[in-house]
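Novice: Any chance you can model this:
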Amino acid sequence: MRRPSPPSRPAGSTRSANVTSSRRVLAFSAFLGAWILLIIGRLYGLEVIEYVKWLGVEQKQQQRIRPLPAVRGTIYDRQHRELAIAVPVESVGAAPREVQDPSIAATLLAPVIGVDTGEFEARLHNARRFFYVKHGISDQLAARVRNLGLAGISIDSEMKRVYPRGPLAASVMGYAGGDDQGLGGIESGLEHLIAGQPGQMLLSEDAHGHVFHSTERKAQPGANVVLTLDAELQTIVQTTVERAVADHHAAGAVAVVEEPSTGRILAMVSEPTFDPNHYEQSKPEDRINRAVQWVYEPGSMFKLVPFSAAIEEGLISPEEMIDCQGGSITIDRHVFHDAERGLGVVTVEQSLVHSSDVAAIKIGLRLGQDRLYQYIRRYGFGSRSGIDLPGEEQGLLKPPERWSGTSIGAVPIGQEVGVTALQVVSAYSAIANRGLLIPPQIIERIEQDSTVTTPAPRPSRRVVSERTAQIVKHMLASVVLEGTGRAAQLNGYSAAGKTGTAQKIDPSGAYSHSHFVSSFVGMAPVDRPAIVVLISIDSPVGAYYGAEVAAPVFKSVAEQILTHLNIPKDRPVTLVAASRVSSRAAAAAERMKRAAVLEDGPSQEISEPDTASGNGNAPPIEPVALTQDSKSPDTTVLSSGPLVTVPDLSGLAQRPVAAQCAVLGLDLVVSGSGLASQQYPSAGSKVRRGTQVRVRFER
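Specialist: Numbers count the residues shown, from 1 in each chain. Below is the predicted model of the structure:
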């Protein structure tokens, strides 16, 4: 039986079905192609375009950076003695991602190393990078931390700043904080040189936190700094000043020693001080450097400016007579008083010797406020010196247009101006250096690797002429020999200087009657000063005049420093009265040593007659009968006694001449005033003890 054949389709419908199928295939192929292209584009974006980004993400997940601190440079004194060094210490570090249980780690570790448990645990939860938990622990403490065996807690070696001489020159050097960053002083001012460049350790870790690779970039050590300070001189000054502050129950003090010919600062002391090894235990005000950051009124030390300026301008001379008007003068209805009441007509030099405010004011009036102001600025007051110490103050100095009616009376005597100790030392160093002011310096050189760098010299400037400087210097020598500075006379050395007693400003803005700054600034030896020393004592209790409080400190400091520096002595070591010297002269010299020395303050100065130099009311040295030595016409002898050699007295003032003659047993006869210009017998002559030596003094 034949099966019936299926009905046939029309040809058109078959073609339509084929077209539809082809379209489906084409659409699917297009979709598949687009999908493939999208995948490829995305892969391209991830692998090529965003490679750096995702590589960084991967590295952050797999890598961590451990800092490698640089070794801070050493600070030396000028003899290369270490003042600040870096030593290796153990520190506790934490890698938060390696700590398995922050709570347990904090509970166990915090009490051992002395940190707050809650803060430490919170930091472990929040921090992602390695950090130091505590710096500079002892070896015993490090062993206890290791014994805890905590994952993610490590003991690492780093550098710690140590000051082997403790508080010595602390205000100059400053200190380094817990992160080894310099704070204050040289440590801060030269941080960019001393700190060096830190390195780093790059650690690569797997998913379990295990390090499988590390890369190290070494740290570059900091530069070494050599200061102009001398550690031994600094010790001398600091010890002496500390004792003075304690003896006078003072609030503080400052002392600066400068080499005037170079501007080098040999010692700089600020009291109270602190131990930079434990700076956190000190008060912030104890960490300032009073030499550059304490501004105070200088008092009579400032008289250097009007006296030298008027001499430079030809307005006065040391021999000129000036009327001190009994010790008072009125300026704009304000009365200024001298310490020594009743002082009348005296020479300009004697007015400085007795520290007459009236004379200083009259000289200031001759100069006028504009010229006076110009010389004040010449000496560097009102400007920073530029020394390499941070925080230096410029002082207080108003321009003349802002002066009041009494300013022309106040400024010449050191009122209405604020100075720093360094400014005062620089001003007197200019006189010691024949009128040339050399900017002070505290940095001797910088040493890094094999390179030695010295600071670029700053230009010096002439303040007054050499002639004026010499005149003023010898006037200041008279202050020490016979005036308010007698307590500053040195054993074995001549000295020149000036006292200062300044009233402090009380909270009401008026001058205090109970708080003073007592000062003395001087140079030695007089002819060729090797040092200039300033001593200022803040608010001493009891005695407060500069002559009583500061001048003896200058004497002690200067004698020790000059001996330490091997400076040749230019006057006898001891004043011994010879048997043939007039008994009246010896007694006067002894009275001078015992005299109570007062100074330019509210009280009256006590003076003793100066018989050794022929001044005062005491009778002169009695003449001695002379004979002539037949062997030498230049040798005058007495008939008996041992022979001595006549010293060269030329260029010396009357007091050191008298002292040398007294030691040798020679009778001195003087004429004139000023410095020794002629003598008989001549230097080198052999004469017998008791011989009369005649010396002429001239300006």
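
Novice: Give me the pLDDT for residue 29.
Specialist: The model reports residue 29 with a pLDDT of 79.

Novice: Now do it against residue 40, distance only.
Specialist: Residue 29 is 16 Å from residue 40, where distance means Cβ to Cβ, to the nearest Å. Every residue, glycine included, has its C-beta placed from N, CA and C.

Novice: got it, and residue 347?
Specialist: 107 Å.

Novice: quick one: which of the two has more around it?
Specialist: Applying other Cβ atoms under 10 Å to residue 347 and residue 40 shows that residue 347 carries more neighbours, namely 19 against 10.

Novice: Now do the same contact list for residue 520.
Specialist: Listed by Cβ atoms under 8 Å, 6 or more residues apart in numbering, the contact partners of residue 520 are 485, 488, 497-500, 534-535, 546-547, 550-551, 553-554.

Novice: at 6 Å what do you get?
Specialist: Contact partners of residue 520, counting by Cβ atoms under 6 Å, 6 or more residues apart in numbering, are 488, 497, 499, 535, 546, 550-551, 554.

Novice: Which stretches in the stretch 101-250 of the chain count as helices?
Specialist: Listed in chain order, the helices of the stretch 101-250 of the chain (DSSP state H, counting those that start in this stretch) span 102-113, 117-126, 139-148, 170-173, 185-189, 191-194, 231-247.

Novice: Quick check: which of these is buried the most?
Specialist: The highest average neighbour count among the helices of the stretch 101-250 of the chain, using mean count of other Cβ atoms under 10 Å, belongs to helix 170-173 at a mean of 26.

Novice: okay, residue 697: pLDDT?
Specialist: pLDDT for residue 697: 76.

Novice: Ok, residue 10 next?
Specialist: pLDDT, residue 10: 60.

Novice: Quick check: the gap between the residue nearest to residue 677 when sequence neighbours are not counted and residue 681.
Specialist: Leaving aside its chain neighbours, residue 677 sits nearest to residue 698 (4.4 Å; criterion: Cβ to Cβ, 6 or more residues apart in numbering). Residue 698 sits 19 Å away from residue 681, going by Cβ to Cβ.

Novice: what do you get for residue 261?
Specialist: When residue 261 is compared with residue 681 (using Cβ to Cβ), they lie 35 Å apart.

Novice: Those two - which one has more neighbours?
Specialist: Each of residue 261 and residue 681 has its neighbours counted (other Cβ under 10 Å); residue 681 has more, 21 against 15.

Novice: thinking the more buried one is in contact with residue 646, fair?
Specialist: Yes - contact criterion Cβ atoms under 6 Å: residue 681 and residue 646 qualify, at 5.1 Å.

Novice: Overlap of the contact sets of the two?
Specialist: Common neighbours of residue 681 and residue 646 are listed as residue 687 (criterion: Cβ under 6 Å, 6+ apart).

Novice: What's opposite the residue lying closest to residue 139 once chain neighbours are set aside in the beta bridge?
Specialist: Using Cβ to Cβ, 6+ apart and skipping residues adjacent in sequence, the residue nearest residue 139 is residue 90, 6.7 Å away. Counting by DSSP bridges, residue 90 forms beta bridges with residue 137, residue 157.

Novice: Model confidence score at residue 90, please.
Specialist: Residue 90 is given a pLDDT of 85.

Novice: Among the contacts of residue 520, pick out the one closest to residue 165, please.
Specialist: residue 535 (21.8 Å; Cβ to Cβ).

Novice: Could you list the paired strands of whichever strand or helix holds that closest one along with their orientation?
Specialist: Applying DSSP states H and E as the criterion places residue 535 in strand 531-538. Using DSSP bridges, strand 531-538 pairs in its sheet with strand 252-259 (antiparallel), strand 511-524 (antiparallel).

Novice: got the angle for the longest one vs helix 231-247?
Specialist: Right, strand 511-524. In terms of direction (axes from the mean of the first three to the mean of the last three Cα atoms, to 10 degrees), strand 511-524 departs from helix 231-247 by 150 degrees.

Novice: now swap in the first one and tell me
Specialist: An angle of 150 degrees separates the directions of strand 252-259 and helix 231-247 when computed by the same axes, to 10 degrees.

Novice: buried stuff in strand 252-259?
Specialist: By neighbour count on 16 or more other Cβ atoms under 10 Å, the buried set for strand 252-259 is 252-259.

Novice: pretty sure residue 484 contacts residue 354?
Specialist: No - in this structure, residue 484 is not within contact of residue 354 by Cβ under 6 Å, at 7.0 Å.

Novice: Look at these two and report which has more neighbours.
Specialist: Neighbour totals were compared for residue 484 and residue 354, and residue 484 leads with 33 against 23 (other Cβ under 10 Å).

Novice: sec struct for that one, please.
Specialist: coil (DSSP: H, G, I helix; E, B strand; the rest coil).

Novice: Kindly report the same for residue 270.
Specialist: Assigned by three-state DSSP, the conformation of residue 270 is strand.

Novice: give me the number of residues near it?
Specialist: Neighbourhood size, residue 270 [other Cβ under 10 Å]: 27.

Novice: what residues are up against it?
Specialist: Counting by Cβ under 6 Å, 6+ apart, residue 270 has contacts 171, 254, 289-290.

Novice: measure it to residue 692 for me?
Specialist: Per Cβ to Cβ, residue 270 is found 52 Å from residue 692.

Novice: Over to residue 454?
Specialist: Per Cβ to Cβ, residue 454 is found 55 Å from residue 692.

Novice: Who has more neighbours out of those two?
Specialist: Neighbour comparison, residue 454 and residue 692: the larger count goes to residue 692, with 21 against 11 (by other Cβ under 10 Å).

Novice: Next, that one: phi, psi?
Specialist: phi -80, psi 130 (degrees, to the nearest 10).

Novice: just checking, it touches residue 667?
Specialist: Yes - Residue 692 is within contact range of residue 667, at 4.6 Å (criterion: Cβ under 6 Å).

Novice: For residue 289, give me its contacts.
Specialist: 171, 270.

Novice: at 7 Å instead, please
Specialist: 171-172, 185, 270, 389, 391 (Cβ atoms under 7 Å, 6 or more residues apart in numbering).

Novice: Format those as a markdown table; extra columns: pLDDT and distance to residue 479.
Specialist: Shown next, in a markdown table, are the contacts of residue 289 (pLDDT from 0 to 100; distance: Cβ to Cβ, whole Å):
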| residue | pLDDT | distance to residue 479 |
| --- | --- | --- |
| 171 | 96 | 30 |
| 172 | 97 | 30 |
| 185 | 94 | 34 |
| 270 | 97 | 27 |
| 389 | 95 | 30 |
| 391 | 93 | 33 |
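
Novice: ok, the residues you listed vs residue 156, which is closest?
Specialist: Nearest member of the contacts of residue 289 to residue 156, counting by Cβ to Cβ, is residue 185, at 28.3 Å.

Novice: Skipping adjacent residues, who's closest to the closest one in space?
Specialist: Nearest non-adjacent residue to residue 185, counting by Cβ to Cβ, 6+ apart: residue 174, 2.5 Å away.

Novice: Now the one you found: phi and psi?
Specialist: With angles defined as degrees, to the nearest 10, residue 174 sits at phi 80, psi -150.

Novice: The one 4 residues further on now?
Specialist: Taking degrees, to the nearest 10, you get phi -60, psi -30 for the backbone angles of residue 178.

Novice: Please name the nearest non-neighbouring residue to it.
Specialist: The nearest residue in space to residue 178 (Cβ to Cβ, 6+ apart) is residue 135, at 5.5 Å.
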